[in-house]
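[1] Please find the sequence and the predicted model below.
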Amino acid sequence: MLVTANEKPIVVIPRKYRGYIDEELSLVKTLYNEIRDVIIVNRINPKYYLSKTRIEELNNNSNNSDPIIIMDYVKPRQMVNLLKETRRDIIDRVLLILEIFAEHAGSREAKLQIELARLKHWYPIVKETIRYAKLGELHGFLGSGEYGYEKYYLMLKEREARIRRKLEKLRRIRSIRRRNRVERGYIHIAIVGYTCAGKTTLFNKITGVGKPVGPEPFTTLSPKTSSIVYDGVKLLFTDTVGFIRDLPPEIVEAFYATLEEIVESDIIIDIVDASKGVNRVLMEIEEANNIFSKLGVHGKPIIYALNKVDLVRDAEMKDTINTISEKYNDRVIIPISAIGGENIDRLLEVIHSLILSRMKTVDHGKYIY
Ligand SMILES: Nc1nc2c(ncn2[C@@H]2O[C@H](COP(=O)(O)OP(=O)(O)OP(=O)(O)O)[C@@H](O)[C@H]2O)c(=O)[nH]1
Ligand SMILES: [Mg+2]
């Protein structure tokens, strides 16, 4: 484990995220109880990420064993240079998110996926270290010399191949299960959206399951499926892993298998936390759409469930609905409260009528969708 909860990290936030400081810090607070300091950087140094002056300041500070968390992508070259200059743990945004994932991962598949993503994130850094070792620039630091690193790199590659084989096996089992469900006449509905939007709360409300929910990001890391029968139609709901702003591509790739549930679904419920305000709602809808296209999801009915209406004034809710429907006039928009249960019936009715309108034949009690 890279992270120890009682360390107090210094958090570096690039200027581009200055409008989202609370959100970036909430990711850090998922793993650390306290933060030593927050630094906003305006200009990124190409060699060290941080400026030389900043590095000196950090090195002169008495708490110079605190890890540095950089909420940005840090290039391998910058990472190695910064490690050399500060001799502290440097954690970038991808690594931090992977650590959060690792803390929450319940299933074997999620654990393997995280390990794979960590390996892939680590390769370029090891390669860069090998390059330095060849140049003879790593005397006494980062240890074992060129040969040692190359051996280490090969070992990582072998590990990767083993993980991929295991994942492939688990994926095949999942795809067989999915096929069985289709054969049994289930209509598959994926509940997707940003982390903390209330996906699991909605899933629990509809299916009567008691999956853990919580205010911290990434409570859910393994998709879960459960079924109900609504007005004679067998509906299968899947709760999925949440999105975050600027989801690093490594993570999209690592979690592709769980997001596959979205690709295979018949209907998507995109749940958005409406209490965050209209601009934020629009941004989250757009980002989710980007992820859908990356996954190759096209032409499926999408329902926008604007959650947490209990926290939003009526007039504000109306504004939000109007703004979204102007932009996405072919989508169904339903304000709901996943906790209180408001409009959940309406949501199910809409799903039911969407299914009926798209159904082609009813064959011996089987719905052909
Ligand atoms: N006020 C209010 N809070 C809600 C509602 N629905 C969910 N929440 C709260 O929002 C937080 C996140 O809920 P979850 O259901 O865990 O959200 P999620 O989308 O599954 O989150 P991840 O699994 O972390 O991606 C929890 O603290 C819930 O109690 C709602 O309708 N109203
Ligand atoms: Mg959840």
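    Ah, there it is. Ligands and ions are numbered 1, 2, ... in the order given.
[2] Tell me the spacing between the residue of the chain found nearest ligand 1 and Arg159.
    Closest to ligand 1 within the chain is Gly242: 2.6 Å, counting by Cβ to the nearest ligand atom. C-betas here are computed from N, CA, C, even on glycine. Taking Cβ to Cβ, to the nearest Å as the measure, Gly242 falls 28 Å from Arg159.
[3] Tell me which of these two has more neighbours.
    Gly242 (20 against 13; other Cβ atoms under 10 Å).
[4] Isn't the more buried one up against Glu216?
    No. Gly242 is beyond contact range of Glu216, at 10.9 Å (criterion: Cβ atoms under 8 Å).
[5] Now do the shared contacts for these two.
    Counting by Cβ atoms under 8 Å, 6 or more residues apart in numbering, the contacts common to Gly242 and Glu216 are Cys196.
[6] Could you give the number of residues near the closest residue in space to the residue of the chain closest to ligand 1 that isn't next to it in sequence?
    Leaving aside its chain neighbours, Gly242 sits nearest to Thr195 (2.9 Å; criterion: Cβ to Cβ, 6 or more residues apart in numbering). Residues lying near Thr195 (other Cβ under 10 Å) number 21.
[7] So Ile191: helix, strand or coil?
    Three-state call for Ile191 (DSSP: H, G, I helix; E, B strand; the rest coil): strand.
[8] Next, the contact list for it, please.
    Taking Cβ under 8 Å, 6+ apart as the test, what Ile191 contacts is 199, 202-203, 237-240, 269, 271.
[9] where's Gly214, which helix or strand?
    Using DSSP states H and E, Gly214 sits in no helix or strand.
[10] Which pLDDT value goes with it?
    Gly214 carries a pLDDT value of 85.
[11] Which strand residues bridge the residue lying closest to Arg184 once chain neighbours are set aside?
    With Cβ to Cβ, 6+ apart as the criterion, Arg184 has its nearest non-adjacent residue at 7.4 Å, and that residue is Lys234. Beta bridges link Lys234 to Val229, judged by DSSP bridges.
[12] what about Lys234, neighbour count?
    Lys234: 17 surrounding residues under other Cβ under 10 Å.
[13] before we move on, what about Leu247?
    Other residues near Leu247 come to 19 when the count uses other Cβ under 10 Å.
[14] go on, Asp66?
    17.
[15] May I have the beta-bridge partners of the residue positioned nearest the centre of the chain?
    Against the mean C-alpha coordinate of the chain, by Cα atoms, centre = their mean, the closest residue is Phe243 at 4.1 Å. Beta-bridge pairing for Phe243 (DSSP bridges): Tyr194.
[16] Could you pull up the residues touching it?
    192-195, 284, 287-288, 291.
[17] Show me which residues of stretch 342-355 are buried.
    Residues of stretch 342-355 classed as buried: 342-344, 347-348, 350-352, 354-355 (neighbour count, 16 or more other Cβ atoms under 10 Å).
[18] swap in stretch 74-84?
    Buried-residue list, stretch 74-84, by 16+ other Cβ under 10 Å: 74-83.
[19] Narrow the residues you listed to those in helices?
    76-83 (DSSP state H).
[20] List just the nearest of those residues to ligand 2.
    Met79 (31.3 Å; Cβ to the ion).
[21] element containing the residue lying closest to the closest one once chain neighbours are set aside, please.
    With Cβ to Cβ, 6+ apart as the criterion, Met79 has its nearest non-adjacent residue at 5.4 Å, and that residue is Ile125. Element membership for Ile125, per DSSP H and E: helix 108-134.
[22] Can you show me the strands along the stretch 251-369 of the chain?
    Here the stretch 251-369 of the chain has its strands, by DSSP state E, counting those that start in this stretch, at 267-273, 302-307, 332-335, 361-363, 366-368.
[23] is it true that Pro67 touches Val12?
    No. Counting by Cβ under 8 Å, Val12 is not a contact partner of Pro67; they are 11.0 Å apart.
[24] and Gly106, that's in a strand?
    No. Assigned with three-state DSSP, Gly106 falls outside any strand and is coil.
[25] Next up, the contacts around it.
    221-222.
[26] Phi and psi next, for it.
    Here the main-chain torsion angles of Gly106 (degrees, to the nearest 10) amount to phi -100, psi -50.
[27] if we can go back for a sec, Pro67 and Val12: which has the busier surroundings?
    Here Pro67 and Val12 are compared on neighbour count by other Cβ under 10 Å; more neighbours surround Val12, at 25 against 19.
[28] contacting residues around Leu96?
    Leu96 sits next to 27-28, 31, 69, 71 when contact means Cβ under 8 Å, 6+ apart.
[29] Need the phi and psi values for it.
    phi -60, psi -50.
[30] Then Ile187?
    phi -100, psi 130.
[31] residue ranges of the helices in the chain, please?
    Counting by DSSP H, the helices of the chain are 21-29, 52-60, 76-86, 93-104, 108-134, 145-183, 199-207, 249-254, 256-263, 278-295, 314-327, 344-358.
[32] For the second one, name the packing helices and strands.
    So the one you mean is helix 52-60. helix 76-86 (3 or more Cβ pairs under 8 Å, 6 or more residues apart in numbering; DSSP states H and E).
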